[in-house]
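Participant: Mind folding the following:
(one chain, ligands or ions: 2)
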Amino acid sequence: MKAELISKAYEIAKERYAEIGVDTEKVLKQLQDFHLSLHCWQADDVNGFEVKEETELGSGLAVTGNCPGAARNIDEVRQDILKAKSLIPGNHRLNLHEIYGDFKGKAVDRDEVTVEHFQSWIDWGKENDTLLDFNSSSFGHPRSGSLTLANPDEGTRQFWIEHTKRCRDIANAMGEAQGDPCIMNLWVHDGCKDVSVNHALYRNLLKQSLDTIFEKEQPMMKDCIEGKVFGMGLESFTVGSHDFYTAYAAQKGKLLTIDTGHYHPTESPADKVSAVLPYLPELMLHVSRPVRWDSDHVTIMDDTTQELFFEIVRAGALDRVHYGLDFFDGSINRLGAYVIGSRAAQKCMLRALLEPTETISKLELAGEGYKVLALLEEQKAMPWQAVYDEFCVRNDVPVGQDFMLDIDKYAAEVTSKR
Ligand SMILES: C[C@H](O)[C@H](O)[C@@H](O)C(=O)CO
Ligand SMILES: [Mn+2]
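Facilitator: Ligands and ions are numbered 1, 2, ... in the order given. All right, here's what the predicted structure looks like:
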């Protein structure tokens, strides 16, 4: 795209926004401070680096598609993530699952993992100016079954408690090493495929497990807990539902993870922001896109995502939210998926930052209903894209669809040879 054209369009956009009281230069600074946490698992279809017998992902999760070029090892995941980062404006964090440890070809069971298995990631983060976040991994293991932390079997439950405690130690060490708290997410698939009568038992067990896991103070990490409406093969009941974790987080001062793919089709994740923030310290997002039974399609600028970012900005909660991504699609170019999803999340944030919220809020409080509607409608066609293009230019990344050229080149030179 022609640099001159982009700059002209931006200058016009800047004036248009100034007319409604919005300072695009200030917004560009805010967008620069908006850091996504890129999920490592999009690079290799949630495979990870454990030495294991071929196992299906399972545990309520599934990745479909066989687009060639998936990363096959730690070097390829790192290479792809750096490539993705070079095509996404701004600087972003990396979100690691425990199964992505540097196990060096050795079988390390989940209750044996230590920070040593993540030392090379910590070093990589430093070398590449990338802060790390972390996740315990309860899926895709011979002991995953349908119940982990809520399993009535003492041995199985203790195995997963030990795993999760170790993950907190690792997250805390990451936080210490990077001088910035590591955000550690806990999601377990625990649930039932069919009708069951022991819901209270499972939930009490999950609560007890969480209490044990969280006993140790870990100052350089933050715990977040993520509910889900159902998982594949676990359709009838989810132990860690949204209500369960919201209540737990409120009582214990933990962060709640809102995964936009984890709710009923007509339930609004955006509406949860102002509902839970009076009770919770902070939120973690997993920005994704549900399509029927799948919760993990690539993020796009759909209404759900846009509304979520509007709600965060309108609530004045920008610095109380952590912005993780959580989609995985093995049917399209994986690097393309990273870039499309990340840019879509940024654009939704940009549009929210460009809203003349104060003006609209005053009109609403003055009872000027039609003007509120009118201004909100007008925002939809304001030239926000020109501001995003300028953001790309200032960050020295391809503007608009030009990133496809880089992705095709990378596919030809790198991923097609895998
Ligand atoms: C890899 C998983 O998607 C992730 O850990 C979890 O956050 C989830 O959303 C499960 O549906
Ligand atoms: Mn998630």
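Participant: At the contact with ligand 1, which residues of the chain appear?
Facilitator: Those residues of the chain that sit near ligand 1, judged by Cβ under 6 Å from any ligand atom, are Trp41, Val46, Leu61, Asn135, Trp187, Glu226, Lys228, Asp259, His286, Ser295, Asp326. All C-beta atoms are positioned from the backbone trio N, CA, C, and that covers glycine.
Participant: Give me the buried subset of the residues you listed.
Facilitator: Buried residues within those, counting neighbours by 16 or more other Cβ atoms under 10 Å: Trp41, Val46, Leu61, Asn135, Trp187, Glu226, Lys228, Asp259, His286, Ser295, Asp326.
Participant: Return the subset of the residues you listed lying in helices.
Facilitator: The helices in this structure, assigned by DSSP state H, contain none of these.
Participant: In strands only, show me the residues you listed.
Facilitator: In strands, defined here by DSSP state E, the members of these are Asn135, Glu226, Asp259, His286.
Participant: Would you confirm that His322 belongs to a strand?
Facilitator: Yes - for His322, which was evaluated using DSSP: H, G, I helix; E, B strand; the rest coil, the result is membership in a strand.
Participant: ok, back up a step: tell me which two of the ones in strands among the buried ones among the residues of the chain next to ligand 1 sit farthest apart.
Facilitator: Checking these against each other with Cβ to Cβ, the farthest-apart pair comes out as Asn135 and Asp259, at 11.8 Å.
Participant: Next, show the common contact partners of these two.
Facilitator: Where contact means Cβ atoms under 8 Å, 6 or more residues apart in numbering, the residues bridging Asn135 and Asp259 through contact with each are Trp187.
Participant: Could you check the pLDDT of Leu61?
Facilitator: Here the pLDDT value assigned to Leu61 is 87.
Participant: Correct me if wrong: Met220 contacts Met184.
Facilitator: No - contact criterion Cβ atoms under 8 Å: Met220 and Met184 do not qualify, at 10.4 Å.
Participant: Between those two, point out the one with more neighbours.
Facilitator: For Met220 versus Met184, the count of surrounding residues by other Cβ atoms under 10 Å is larger for Met184: 28 against 16.
Participant: so who does the nearest residue to the more buried one once chain neighbours are set aside touch?
Facilitator: If the residues on either side of it in the chain are set aside, Met184 comes closest to Ala171, at 3.8 Å by Cβ to Cβ, 6 or more residues apart in numbering. Shown in contact with Ala171 (Cβ under 8 Å, 6+ apart): Asp133, Phe134, Cys182, Ile183, Met184, Gln218, Met221.
Participant: From those, which land in strands?
Facilitator: Members of the contacts of Ala171 lying in strands (criterion: DSSP E): Asp133, Phe134, Cys182, Ile183, Met184, Met221.
Participant: Distance to ligand 2 and pLDDT for those residues - can I get that in CSV?
Facilitator: Listed next are the ones in strands among the contacts of Ala171 as CSV, based on distance: Cβ to the ion, whole Å; pLDDT from 0 to 100:
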residue, distance to ligand 2, pLDDT
Asp133, 12, 99
Phe134, 14, 99
Cys182, 17, 99
Ile183, 13, 98
Met184, 13, 98
Met221, 18, 98
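Participant: Just the buried residues from the residues you listed, in ChimeraX please.
Facilitator: Buried members of those, defined by 16+ other Cβ under 10 Å, are picked up in ChimeraX with:
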select :133,134,182,183,184,221
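Participant: would JSON lines of the ones in strands among the contacts of Ala171 with distance to Asp319 be doable?
Facilitator: Listed next are the ones in strands among the contacts of Ala171 as JSON lines, based on distance: Cβ to Cβ, whole Å:
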{"residue": "Asp133", "distance to Asp319": "16"}
{"residue": "Phe134", "distance to Asp319": "21"}
{"residue": "Cys182", "distance to Asp319": "17"}
{"residue": "Ile183", "distance to Asp319": "13"}
{"residue": "Met184", "distance to Asp319": "19"}
{"residue": "Met221", "distance to Asp319": "18"}
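Participant: what two of the ones in strands among the contacts of Ala171 have the greatest distance between them?
Facilitator: Distance extremes for these: the farthest pair is Asp133 and Met221 at 9.1 Å, using Cβ to Cβ.
Participant: pLDDT below threshold where in the stretch 51-200 of the chain?
Facilitator: Regions of the stretch 51-200 of the chain meeting the criterion pLDDT under 70 cover residues 54-55.
Participant: For ligand 2, what's its nearest residue on it.
Facilitator: For the stretch 51-200 of the chain, the residue closest to ligand 2 is Trp187, as judged by Cβ to the ion, at 5.9 Å.
Participant: who's in contact with that residue?
Facilitator: Residues touching Trp187, when contacts are defined by Cβ under 8 Å, 6+ apart, comprise Asn135, Ser136, Ser138, Ile225, Glu226, Lys228, Gly240, Thr257, Asp259.
Participant: nearest spatial neighbour of the fifth one, skipping sequence neighbours?
Facilitator: Spatially, and ignoring its direct neighbours in sequence, Glu226 is nearest to Thr257 (3.6 Å; Cβ to Cβ, 6+ apart).
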